[in-house]
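Undergrad: Sequence plus the predicted model coming up.
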Amino acid sequence: MNEAPLYIGVDIGGTFTDIVIFDSKSNRINILKTPSTPSNPEKAVIDGLLSMHLDPEKVRMINHASTVATNALLTRTGLTPSALITNRGFIDILEIGRQRRAEIYNLDFQRPDPLIARRYRFGVSGRIDSSGRVIEDLNEEEILRIRKKIEDSGLKGVAISLINSYLNPVHEDRIKEIFSDFDGYVFASHEVDPQYREYERTSTTVVNTVLSGIVSSYLRRFREGLKNAGFRSEIYMMGSNGGLSAIDYAERLPISVIESGPSAGVIASANFSRLLGDGKVITFDMGGTTAKAGVVISGRPDLAYEFEAAGKTHSGRSIKGSGYAVRFPFIDLAEVSAGGGTIAWIDEAGSLRVGPKSAGSDPGPAAYNRGGKDPTVTDADIILGRLNPHHLLGGNMKIYRDLAENALSVKIARPLGIDTIDAASGIIRMINNAMSRAISIVSVERGRDPRGFVMYAYGGAGPLHAAELAADLGIGEIMVPSHPGLFSAYGLLSVDMVRDVSIPFVPNSDIGSAFQSLERISIDNMEKEGLHDPLIERFLDIRYVGQSYEITVPYSENYEETFRTEYRRIYGYVSSDPLEIVSLRIRLTIRMPKIGLIEPEKTTDQEIVERSVYISGKMLDTPVMRWSTGHEGFSGGGPFIIEGYDSTIFVPPGWKFKFDRYLNVRMVRS
């Protein structure tokens, strides 16, 4: 076994790239936060690692998360030009979808264009019925003619999705065989998403196909760049489902990493909640571009099984029909365009608006002096004294308060006829309201009372806004980890390798036998990749007879009662109607090494200074301390500011705080 002691977690965000290095021999961590390089995401990682003067031979594992797939869909750049082969009469399924109008009162609403143009969607003969029986043979000469058209058009991807192929894939397998020497990417729907509902299965397969080129290219550059820099360790990528994937698996199934970035912080929260004994947790992650909220109960994050990739959101809710349907397990999060770089502006009616546009890392907030002229949430926090007006990142990033003040004055305060302080305060109130709604979505709208939860606040800007959000929602306790701005990267060192597999359930068949068959096939596939002895969990998708959609519950002898309990929690009532099982799911987990709670090294003597901070309508002299000088048991009350290398905590009046032995900060509303 490789005894190299270093484990590396890398979170590539829209604004910053975060790196956490854990030395298993010394039980110490080394951290770095560096601006991201969006046009070449791996560059920030490689440059960052080289700047830390590591010995590559001592690195055992590199786990990373990236938004490369999400960004490609959002901007529709770098996508693989592709074709769709489906049954005759079904080539318009991508437009028809579920016939949802995403915004029913918006007469000008336009659905996003299909990822494959109609001229590259081909209908073929051949049909399989709803029992899986072949009722019309495939015309192979027709497939050969279609292949020639695809090649002549210069397309590099082929998505194959035939009706009822999840029951009998014989026709999809034959088409894929005909394309076996095709110079490009070929995916069959029964391999990508073997479930019923042809629209979701087709859309998922198409998204997987168009992402294949850019994800493969990115992973290849990432791997080769690290190799050229001397790093030859194992490399893994965070999956949307909260588990690690080998690079080869992510290349085969790029839909599995669409939500790679947001998952890591929730997994870190789940790990910390088990170690710290917090049974019910709401996660709040505010970075440079977005804010995200999720739920962890008894150390397990909430999962969902279908989402709209690159879709619109409203107050954190995903708007059905506004994006591209993808059916794959992912950590259930509500997300809003609310980060430190979110831009404030005046609309045509003369009202203050905040978001959704962001200044990102380039040019960034006005106070960064990188060419940004628009006022952002970070600029407002600086003006109010909540953020250090001179520097961030432990002094490595100089801050220009005068530039922030000028941006707010010119773009917001003067047009509204108010002073700069009032403009900054208004920006903070608006962004807090937006983030509060996101937290309500994952709690109140899911049938959970947030007052019984602990909020875990992280991300570069999360701890700065957490107390005000918690008070608004009635949450009385907040846990801020010792390095909140790098918490997602930290979480990448707390992740297991996970595979989720599902199949439709054939009515009247034996559940136990069906699970055993699914498990046997899945284990065989993992063993071919060198993965052995997974932990297996079983789940059922269940609904009332006559309903269109189902709820996923753990499988046990009492699964019907489990379903009714969960149904009552979500919807407030239960029915006496009969139930039906729609799908079987299994989760296969390979345990990986994990980083635990780490006690910090002793630091310099504590020094507390004062800074003028805008609180409750006036500027107040407020104590400010460096996070690294805290120690176990040190406590105090608001107003108080705790400044760290990667984040800042704002403790308002009415809140108390206390450091634990790991320099996590626990805040309680008094």
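TA: Received it, and whenever you're ready, just let me know what you need.

Undergrad: buried stuff in the longest helix along the chain?
TA: In the chain, assigned by DSSP state H, the helix with the most residues is helix 198-228. Residues of helix 198-228 classed as buried by neighbour count (16 or more other Cβ atoms under 10 Å): 198-216, 218-219, 222-223, 225-226. All C-beta atoms are positioned from the backbone trio N, CA, C, and that covers glycine.

Undergrad: now swap in stretch 252-264 and tell me
TA: 252-264.

Undergrad: now those residues as CSV including pLDDT?
TA: Converted to CSV, those look like this (pLDDT from 0 to 100):
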residue, pLDDT
Arg252, 94
Leu253, 96
Pro254, 97
Ile255, 97
Ser256, 96
Val257, 95
Ile258, 93
Glu259, 88
Ser260, 89
Gly261, 81
Pro262, 84
Ser263, 90
Ala264, 92
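
Undergrad: Where does the residue lying farthest from the centre of the chain sit, in terms of helix or strand?
TA: In the chain, counting by Cα atoms, centre = their mean, Glu141 sits farthest out from the average C-alpha position, at 43.9 Å. For Glu141, the element it lies in under DSSP states H and E is helix 140-152.

Undergrad: Which secondary structure element comes immediately after that helix toward the C-terminus?
TA: strand 157-160.

Undergrad: Restricting to C-alpha, output the very next helix or strand once past that next one in CSV.
TA: Going down the chain from strand 157-160, the next helix or strand is helix 170-178, by DSSP H and E. The C-alpha trace of helix 170-178 is given here as CSV (Å, rounded to 0.1, in the frame of the first residue of the first chain):
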residue,chain,number,x,y,z
VAL,A,170,-31.6,-5.2,-27.7
HIS,A,171,-32.2,-2.5,-30.3
GLU,A,172,-30.1,0.1,-28.5
ASP,A,173,-27.3,-2.4,-28.1
ARG,A,174,-27.4,-3.2,-31.8
ILE,A,175,-27.3,0.5,-32.8
LYS,A,176,-24.4,1.1,-30.5
GLU,A,177,-22.6,-1.9,-32.0
ILE,A,178,-23.1,-0.3,-35.5
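
Undergrad: Next, the buried residues of helix 170-178.
TA: His171, Glu172, Arg174, Ile175, Lys176, Ile178.

Undergrad: For that helix, which helices and strands make contact with it?
TA: helix 140-152, strand 157-160, strand 185-188 (3 or more Cβ pairs under 8 Å, 6 or more residues apart in numbering; DSSP states H and E).

Undergrad: Go again with 6 Å.
TA: Using 3 or more Cβ pairs under 6 Å, 6 or more residues apart in numbering; DSSP states H and E, the elements in contact with helix 170-178 are strand 185-188.

Undergrad: domain ranges for the chain?
TA: What the record gives for the chain is the domain set 6-72+216-257, 79-215, 359-427, 497-590, 608-669, from automatic domain parsing.

Undergrad: Among these, which comes closest to Ser482?
TA: With respect to Ser482, and counting by Cβ to Cβ, the nearest of those is domain 608-669 at 4.1 Å.

Undergrad: Tell me where the stretch 251-400 of the chain has helices.
TA: 260-276, 377-383 (DSSP state H, counting those that start in this stretch).

Undergrad: Next: the stretch 451-600 of the chain.
TA: So, for the stretch 451-600 of the chain - with DSSP H, counting those that start in this stretch - the helices run 462-473, 487-491, 511-528, 559-571.

Undergrad: Give me the residue at the spatial middle of this structure.
TA: Pro262 (2.4 Å).

Undergrad: just checking, it touches Leu333?
TA: Yes. Between Pro262 and Leu333 there is a contact under Cβ atoms under 6 Å: 5.5 Å.

Undergrad: Identify the contacts common to those two.
TA: Common contacts of Pro262 and Leu333 (Cβ atoms under 6 Å, 6 or more residues apart in numbering): Lys292.

Undergrad: Only the C-alpha atoms, please, for stretch 84-99, written as CSV.
TA: C-alpha atoms of stretch 84-99 as CSV (Å, rounded to 0.1, in the frame of the first residue of the first chain):
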residue,chain,number,x,y,z
LEU,A,84,-30.2,11.8,-31.3
ILE,A,85,-31.4,8.5,-32.6
THR,A,86,-34.9,7.6,-31.3
ASN,A,87,-38.1,5.9,-32.6
ARG,A,88,-39.9,7.3,-35.6
GLY,A,89,-42.5,9.8,-34.4
PHE,A,90,-40.5,10.7,-31.3
ILE,A,91,-37.9,13.1,-32.6
ASP,A,92,-39.7,16.1,-31.1
ILE,A,93,-39.7,14.7,-27.6
LEU,A,94,-37.1,17.2,-26.4
GLU,A,95,-39.4,20.1,-27.2
ILE,A,96,-42.6,18.5,-26.1
GLY,A,97,-41.2,17.4,-22.7
ARG,A,98,-43.9,17.3,-20.0
GLN,A,99,-45.8,20.2,-21.6
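
Undergrad: What average pLDDT does that stretch get?
TA: Stretch 84-99 shows an average pLDDT of 93 in the prediction.

Undergrad: before we move on, what about stretch 30-39?
TA: Rounded mean pLDDT across stretch 30-39 is 89.

Undergrad: With stretch 496-514 instead?
TA: On average, stretch 496-514 scores 94.

Undergrad: For that stretch, buried residues please.
TA: Applying 16+ other Cβ under 10 Å to stretch 496-514 flags Asp496, Met497, Val498, Arg499, Asp500, Val501, Ser502, Ile503, Pro504, Phe505, Ala514 as buried.

Undergrad: Name the nearest residue to the fourth one, sequence neighbours excluded.
TA: Take Arg499 and drop its neighbours on the chain: the residue closest to it by Cβ to Cβ, 6 or more residues apart in numbering is Leu588, 4.5 Å away.

Undergrad: tally of neighbours for His631?
TA: His631 sits with 13 neighbouring residues when counted by other Cβ atoms under 10 Å.

Undergrad: Quick check: it is in a strand.
TA: No. Read with DSSP: H, G, I helix; E, B strand; the rest coil, His631 is coil and lies in no strand.

Undergrad: roughly how far apart are it and Glu643?
TA: 16 Å (Cβ to Cβ, to the nearest Å).

Undergrad: same check, this time on Leu531
TA: Leu531 is 44 Å from Glu643, by Cβ to Cβ.

Undergrad: neighbour-wise, which of these two wins?
TA: Glu643 (19 against 16).

Undergrad: now the residue nearest to the centre of the chain: how far from Gly341?
TA: Taking Cβ to Cβ, one finds Pro262 at 17 Å from Gly341.

Undergrad: And for Ser548?
TA: Distance from Ser548 to Gly341, by Cβ to Cβ: 40 Å.

Undergrad: So for the two, which residue has more residues nearby?
TA: Gly341 (30 against 7).

Undergrad: Tell me how many other residues crowd Pro169.
TA: 21.

Undergrad: Tell me which residues touch the closest residue to it other than its chain neighbours, please.
TA: Spatial nearest neighbour of Pro169, excluding adjacent residues (Cβ to Cβ, 6+ apart): His190 at 4.0 Å. His190 makes contact with Ser165, Tyr166, Pro169, Glu172, according to Cβ under 6 Å, 6+ apart.

Undergrad: State whether His190 is indeed within a helix.
TA: Yes. His190: assigned to a helix according to three-state DSSP.

Undergrad: What segments of the stretch 351-500 of the chain are strands?
TA: Ranges of strands within the stretch 351-500 of the chain are 352-358, 391-392, 397-398, 454-458, 477-480, 497-504, based on DSSP state E, counting those that start in this stretch.

Undergrad: beta partners of the residue nearest to Arg499?
TA: Arg499, Ile536 (DSSP bridges).

Undergrad: Check what pLDDT it gets.
TA: On the pLDDT scale, Leu588 gets 98.

Undergrad: How about Ser318?
TA: For Ser318, pLDDT reads 62.

Undergrad: Contact partners for the nearest residue to Val326 once chain neighbours are set aside?
TA: Nearest non-adjacent residue to Val326, counting by Cβ to Cβ, 6+ apart: Ala309, 4.7 Å away. Neighbouring residues of Ala309 by Cβ under 6 Å, 6+ apart: Leu73, Val207, Ile258, Gly323, Tyr324, Val326.

Undergrad: farthest-separated two in those?
TA: Across those (Cβ to Cβ), the longest gap, 10.7 Å, separates Ile258 and Gly323.
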